[in-house]
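Asks: Okay, here's the prediction I keep looking at, along with the sequence it came from:
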Amino acid sequence: MKINLLRLNVLLVLFLASSATAQKSHYNIKKGYAAEGYDVVAYFDDSPKEGDARFSAEHDGVTFKFSTKENLDKFNASPESYIPQYGGYCAYAIGTSGKKVSVNPETFEIRDGKLYLFYNSGKNNTLEFWLRDSPETLIPKANLNWIRITQIK
């Protein structure tokens, strides 16, 4: 009986560890934090800013930073309202190719109450491409691609 209980506990620990790793792998945590350490709540005030480690929270196995305690509290009250779409990867790349591409955290769009982040370097501002190619067309494609991506471990 003790051996079976021990095996059950080991399996439970392994399952929880793999589940947290799978969730974390679907977030862009290039700089160790979601949204490259930017305050995901601040985007909704149209003022992206870097977060402060003093105001941080963990959600889905990933750490988010905030610029103020007020924003931290807003996030804690409703984290799903602020999490960037597609794990914080470039929405345009997810929609067009299904590839995880890093972003410039200051290139973003709030659309229908959701945060979308984009790659922006040199002449490649994917927010401009996104707007040109129609978000109404790209969002359904990105949603399907994201489901496919998140099912791969």
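Replies: Everything's here; your move. Owing to the predicted nature of the structure, the values given are computational and were not obtained by experimental measurement.
Asks: Nearest the middle, which residue of the chain would you pick?
Replies: Gly87 (2.6 Å; C-alpha atoms, centre = their mean).
Asks: Contacts only, for it.
Replies: His26, Tyr27, Asn28, Lys100, Trp146 (C-beta atoms under 8 Å, 6 or more residues apart in numbering). Every C-beta, even on glycine, is put in place using the N, C-alpha and C of the backbone.
Asks: Lowest pLDDT pick from these?
Replies: Ranked by pLDDT, the contacts of Gly87 bottom out at His26 (92).
Asks: and the residue lying closest to it once chain neighbours are set aside, helix, strand or coil?
Replies: Nearest non-adjacent residue to His26, counting by C-beta to C-beta, 6 or more residues apart in numbering: Gly87, 4.7 Å away. At Gly87 the chain is in helix, as set by DSSP: H, G, I helix; E, B strand; the rest coil.
Asks: And Asn143, by the same measure?
Replies: Asn143 - assigned by three-state DSSP - is helix.
Asks: count of residues packed around it?
Replies: 14 (other C-beta atoms under 10 Å).
Asks: do Tyr43 as well
Replies: 22.
Asks: same thing with Glu106?
Replies: For Glu106, using other C-beta under 10 Å, the count is 14.
Asks: As a check, name the ranges of all strands in the chain.
Replies: Under the criterion DSSP state E, the chain contains strands at 52-59, 62-66, 104-111, 114-118, 120-121, 124-125.
Asks: Start and end of stretch 103-121, how far apart?
Replies: End-to-end distance for stretch 103-121, by C-alpha to C-alpha, to the nearest Å: 9 Å.
Asks: ok so, going back, quick one, which of the strands of the chain is nearest to Tyr38?
Replies: Ranking the strands of the chain by distance to Tyr38, with C-beta to C-beta as the measure, places strand 104-111 first at 4.3 Å.
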